[in-house]
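J.: Make a model of this:
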Amino acid sequence: TETASELQFSLEANTFTLVGYVDQNIGLFNFQTGQYEIVDVRTATGSDSVAIATPAGDPARFLQPGTGVVRARISCQNGIPFWVSRVVNLYLPFETRMDQAFWTITP
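T.: Numbers count the residues shown, from 1 in each chain. Sure thing, here's the model as predicted:
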């Protein structure tokens, strides 16, 4: 569809880390600005959880005109402060599992 009264992006995921925590961000591509717009930021959980991002404002900005294409970008990063890892020279690996990602678009 090229029109929407409401748009949601849902992500089911979990994360494992030995040190610190992991930040999870969901960005939706805004076709009007040509950039990803961060619509959800949270600390990832160690067990499966669902993040539902419902952006405010006109959802049409996330639908490509003429095609109705939608795009999302999920990013994760270790949330321990940089100065801590630099001082003690830590290597802070983490693992993220994304089980399901889907759109709900209401015309």
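
J.: Leaving aside the residues adjacent along the chain, what's closest to the residue most central in space within the chain?
T.: Taking CA atoms, centre = their mean, the centroid of the chain lies closest to Ile26, which sits 1.6 Å from it. Nearest non-adjacent residue to Ile26, counting by CB to CB, 6 or more residues apart in numbering: Asp40, 4.1 Å away. C-betas here are computed from N, CA, C, even on glycine.

J.: which element follows the strand or helix carrying the one you found toward the C-terminus?
T.: Element membership of Asp40 [criterion: DSSP states H and E] is strand 35-43. The first helix or strand that comes after strand 35-43 along the chain, using DSSP H and E, is strand 49-53.

J.: My read is that the residue nearest to Ile26 contacts Ala13, right?
T.: No - the criterion here is CB atoms under 8 Å, and Asp40 misses it with Ala13 at 11.8 Å.

J.: Need the residues touching each of these two.
T.: 24, 51 (CB atoms under 8 Å, 6 or more residues apart in numbering).

J.: These two - which one has more neighbours?
T.: Counted by other CB atoms under 10 Å, Asp40 and Ala13 do not tie: Ala13 has more neighbours, with 20 against 17.
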